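Colleague: output the structure for:
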Amino acid sequence: MPVISIVTPLYNKADYIGETIRSVQAQTVADWEMLVVDNGSTDGGAHVARACSDPRVHVLTSPRQGPGAARNYGIRSAQGEWIQFLDADDWLAPDQLEQQLTVAAQHPEAMIVAGGWQEVRETAPGNITRQRPAGQDEGLAGLRDAAFAFPPWAVHAAIVRRAILTEAYLWPEELDRFSNEDAVFWFRLVMAYPTAFSPAAGAFYRMQTPTARNQLNDPAKRLREFDLAAEYNRQWLTERGQQPTAGQAAALMRAYSSVYEAAIRADDPETARAALARAEQWLTAYFAVAPQPDWPMRLRRWLGLPRFLRYRRFWPA
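Modeller: Just a heads-up that it's a prediction; the model follows:
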């Protein structure tokens with residue numbers, strides 16, 4: 001039985017999947033299996049994956065389309081103690097698995113081990129931005145607050161114990177049409193299970209590829225996706241007799257504020273109005289539960305969000 005299973009959904013990534021597989025083969029940890037789950041590719045990507053002669057690389061065919069469905073199919077077929085998700089156009093530094101598994105051994109209570117990642121834009125491959133996982137310096141509360149609104153890390157910047165990926169904690173396949181299904185997936189996990197942080201930052205995230213699902217420049221799409229994540233995550237809390245914390249309300253307020261600003265820049269007044277209304281709703285929710293509201297939040301309420309956002313460069317937020 002391998003120590004770790006790498007689960008890779010594949011949909012029309014023929015130009016990248018070979019590099020992704022080679023990055024796994026180059027790992028300093030050799031005890032792994034890689035499950036490439038073909039998800040209806042039409043560009044020959046599955047053929048590229050099947051051409052790999054490494055017996056640790058297996059190509060499966062998902063009966064359902066969508067990245068979440070493909071990941072779930074891979075999880076159900078996986079044999080490893082740990083699961084590493086890795087999209088078909090991303091790659092890992094050679095010591096990525098070793099670093100993550102070392103931290104896992106040091107923290108036997110951890111069900112999730114998360115580290116940093118590096119974003120590489122297809123249009124500017126030499127411009128690499130290093131990112132840190134949410135909560136690394138703020139502790140469990142900070143992680144759970146941030147994860148209410150945003151995915152706390154890139155999908156391949158963390159490993160998860162396979163034992164906790166029961167039916168209740170699989171990928172939400174009904175969100176496969178959207179690009180933030182990971183916001184719901186990771187929120188449920190970090191709310192239920194302990195996380196350890198790793199110094200690893202060898203997860204490389206290729207952005208703005210021709211078939212990328214993340215529409216960073218589409219405020220209306222971002223608004224819909226924040227709405228979905230908020231609905232699902234809030235419902236998950238409600239079912240457990242909980243309500244969003246002040247930190248979670250603040251995180252979602254900031255998320256909608258970012259959409260408001262993007263919509264203003266894009267000259268999309270309808271989306272701007274809707275995003276502002278939601279941001280103000282979550283600002284109100286913050287004050288309803290915050291025992292001691294901090295001064296940036298007080299300033300937001302006093303000035304109003306549009307004015308605060310216009311002049312926020314003059315104060316920390």
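Colleague: contacting residues for the residue nearest to residue 147 when sequence neighbours are not counted?
Modeller: Nearest in space to residue 147, with sequence neighbours left out and distances taken as C-beta to C-beta, 6 or more residues apart in numbering, is residue 187 at 4.6 Å. C-beta here means a position set from N, CA and C on the backbone, and glycine is covered the same way. Listed by C-beta atoms under 8 Å, 6 or more residues apart in numbering, the contact partners of residue 187 are 144, 147-148, 229, 233, 236.
Colleague: thought residue 190 was touching residue 112, still the case?
Modeller: Yes - at 6.8 Å, residue 112 counts as touching residue 190 under the criterion of C-beta atoms under 8 Å.
Colleague: would JSON lines of the contacts of residue 187 with neighbour count and secondary structure be doable?
Modeller: JSON lines is the format used below for those (neighbours: other C-beta atoms under 10 Å; DSSP: H, G, I helix; E, B strand; the rest coil):
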{"residue": "144", "neighbour count": "21", "secondary structure": "helix"}
{"residue": "147", "neighbour count": "28", "secondary structure": "helix"}
{"residue": "148", "neighbour count": "26", "secondary structure": "coil"}
{"residue": "229", "neighbour count": "26", "secondary structure": "helix"}
{"residue": "233", "neighbour count": "21", "secondary structure": "helix"}
{"residue": "236", "neighbour count": "17", "secondary structure": "helix"}
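Colleague: in the stretch 201-317 of the chain, mark out all the strands, start to finish.
Modeller: 203-207 (DSSP state E, counting those that start in this stretch).
Colleague: going along the chain, name the helices of it.
Modeller: Counting by DSSP state H, counting those that start in this stretch, the stretch 201-317 of the chain has these helices, from start to end: 219-239, 246-265, 269-289, 295-303, 305-311.
Colleague: just those helices: most buried one?
Modeller: Sort these by mean neighbour count, taking mean count of other C-beta atoms under 10 Å, and helix 246-265 sits at the top with a mean of 22.
Colleague: walk me through the domains of this structure.
Modeller: Under automatic domain parsing, the residue ranges defining each domain of the chain are 4-207, 219-314.
Colleague: any chance of the ones you listed in a markdown table, plus mean pLDDT?
Modeller: Formatted as a markdown table, the entries for those read as follows, by pLDDT from 0 to 100:
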| stretch | mean pLDDT |
| --- | --- |
| domain 4-207 | 95 |
| domain 219-314 | 95 |
